[in-house]
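Trainee: What shape does this take:
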Amino acid sequence: MAYSNKVNELVAAGSKAYSEKDYDTASDKYGDACAEFHEESGKDDPDLLYLYGKALYQAAVASAGVFGGEVNNAANEEEDNQAEGNDDNDGAFQLEAPMADGEEVPDAPAAEEEDGDKDEDKKEEQGEEQSDNNDNDTQIASGGNSLFEEAWDVLESARALWQDQYDEHPDNKEVLEKLAEVYDLLGEVGLEAENFEQSASDLKQSLALRQKICGDDTSNKLLVESNYKIALSEEYCGNRESAIKYLNTAIDLLTKQDADGDDAKADKEALLSDLRDKLEEIKRDQTDTEAEQMAQLKGLIGSAFGATPEGSSSATTKPAPAAVNDLTSMVKKRKAPKDDKSAKRSKPISK
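Mentor: Residues are numbered from 1 along each chain as shown. Okay, the predicted model is just below:
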């Protein structure tokens, strides 16, 4: 589609910022391009919306990475210092060295009173600083949440528009490819937001469309990518057998693909090695889980007959669930669309 000069300038600026990994600026420029196009034409353009949503998604990932990394590490260090009674931080705020034992201090009572006032002032200042830091941390977290939500909303709008085009022209391969891409990116949003069931659903939609595009040609690397992403989503959903199936498919597809040149062959072998390692990891986890479930079953049977298995403090003790960083509030599970496939699905709600 032909755009106006102003829209083209905004898109070019957004593309430049995106290539420099300045995703905040890129999303601003792409967003302005979407707004300008809508003002000029009175409608939305799915291609522009996709660019905008992709930039928002990358900005959300970057924001979540900062919050989950540097901020959390700093918080953990502070908690460790408090737990261990570490006085190093207190020393950093000390303006004068402590007096040696037996050393005389002129006007000691006044000095003590003054020091006491200073200590109170320090505590108040430190309390205010801590409060400000907590507010900043909350702003970073909520900012990441809102960016994921906004990215989802924009990408969902692009998906609905492309779905309309596909319904009108089902033989249009270009639209089919774009629809597959936006489903793939929606699946990535679900992965990042730990909404794994929805992620698996969107990624499977993308894979189905890509298989339709490729037909009997299985050499397209996107098929390997789709199967691998679905395997990850299924693993995180706890569906290990399904994850193993999709990983095996990814390995089989990649094995059959040709690689021209030494570099390409080396990259292929490295990727195959990674996929096989991941497969073994999932199989190992599945075996451990089955062994654990069998041990629990034996414990329950033993308990019914008044026996407790060796090495078990309680026959019916269940393993504690693994701690998971809950980000599912970023993207709420969407309801399946009704008969109208182009209808917008439920918008994610942040806590």
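Trainee: Domain ranges for the chain, per the record?
Mentor: Following the TED database, one finds the domains of the chain at 1-65+143-215, 217-302.
Trainee: Pull up the distance across the first one, start to finish.
Mentor: When you say that, I think you mean domain 1-65+143-215. One end of domain 1-65+143-215 to the other measures 28 Å (C-alpha to C-alpha, to the nearest Å).
Trainee: Stretch 211-219 too?
Mentor: With C-alpha to C-alpha as the measure, stretch 211-219 spans 11 Å from end to end.
Trainee: residues of that stretch that come out buried?
Mentor: Burial within stretch 211-219, assessed by neighbour count using 16 or more other C-beta atoms under 10 Å, is assigned to 211, 213. To be clear about C-beta, it is placed using only N, CA and C from the backbone, and glycine gets the same treatment.
Trainee: Equivalent analysis for stretch 28-36, please.
Mentor: Using 16+ other C-beta under 10 Å as the test for burial, stretch 28-36 gives 28-34, 36.
Trainee: Mean neighbour count, the domains of the chain: which tops it?
Mentor: Among the domains of the chain, domain 1-65+143-215 has the highest mean neighbour count (mean count of other C-beta atoms under 10 Å), at a mean of 19.
Trainee: rewinding a little: which of the buried residues of stretch 28-36 sits closest to residue 172?
Mentor: Of all these, residue 172 sits closest to residue 34, with 22.4 Å by C-beta to C-beta.
Trainee: The closest one and residue 48 touch, don't they?
Mentor: Yes: the criterion here is C-beta atoms under 8 Å, and residue 34 meets it with residue 48 at 4.8 Å.
Trainee: quick revisit: could you redo the domains of the chain as TSV and give each row mean pLDDT?
Mentor: Formatted as TSV, those follow (pLDDT from 0 to 100):
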stretch	mean pLDDT
domain 1-65+143-215	94
domain 217-302	85
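Trainee: And the helices in the protein?
Mentor: 5-19, 23-41, 46-66, 72-84, 88-92, 108-168, 173-192, 196-214, 221-237, 240-256, 262-304 (DSSP state H).
Trainee: Tell me which other helices or strands the first one touches.
Mentor: Yep, that's helix 5-19 we're talking about. Contact here means 3 or more C-beta pairs under 8 Å, 6 or more residues apart in numbering; DSSP states H and E; on that basis helix 5-19 packs against helix 23-41, helix 46-66.
Trainee: end to end, how far does stretch 162-179 reach?
Mentor: 6 Å.
Trainee: Mind listing residues that contact it?
Mentor: 46-47, 50, 159, 182, 209, 212-213, 341-342 (C-beta atoms under 8 Å, 6 or more residues apart in numbering).
Trainee: Widest-spaced pair of the residues you listed?
Mentor: Pairwise over those, using C-beta to C-beta, the maximum falls at 47 and 212, 20.9 Å.
Trainee: Pretty sure residue 278 sits against residue 247.
Mentor: Yes: contact criterion C-beta under 8 Å: residue 278 and residue 247 qualify, at 6.3 Å.
Trainee: which residues do these two both contact?
Mentor: Residues touching both residue 278 and residue 247 by C-beta under 8 Å, 6+ apart: residue 231.
Trainee: Now do the contacts for residue 231.
Mentor: Residue 231 is in contact with 242-244, 246-247, 250, 278, 282, counting by C-beta under 8 Å, 6+ apart.
Trainee: meant to ask about residue 202, not that
Mentor: Taking C-beta under 8 Å, 6+ apart as the definition, contacts of residue 202 comprise 183-184, 186-187, 190.
Trainee: So which of those is the closest to residue 263?
Mentor: residue 184 (25.8 Å).
Trainee: I figured the closest one hits residue 199, correct?
Mentor: No: counting by C-beta under 8 Å, residue 199 is not a contact partner of residue 184; they are 10.4 Å apart.
Trainee: which residue packs closest to residue 250, ignoring adjacent ones?
Mentor: Once flanking residues are discounted, residue 250 sits nearest to residue 227: 3.9 Å by C-beta to C-beta, 6 or more residues apart in numbering.
Trainee: So that neighbour versus residue 14, what's the distance?
Mentor: 31 Å (C-beta to C-beta, to the nearest Å).
Trainee: Name the pair among the contacts of residue 231 with the greatest separation in space.
Mentor: Among the contacts of residue 231, 242 and 278 lie farthest apart (C-beta to C-beta), at 14.2 Å.
Trainee: quick one, what contacts the closest residue to residue 184 other than its chain neighbours?
Mentor: Once flanking residues are discounted, residue 184 sits nearest to residue 206: 4.1 Å by C-beta to C-beta, 6+ apart. Residues near residue 206 by C-beta under 8 Å, 6+ apart: 180-181, 183-184, 187, 226.
Trainee: Name the nearest of the residues you listed relative to residue 22.
Mentor: Using C-beta to C-beta, the contacts of residue 206 come closest to residue 22 at residue 181, 22.5 Å.
Trainee: Distance of residue 269 relative to residue 259?
Mentor: Residue 269 is 8 Å from residue 259, where distance means C-beta to C-beta.
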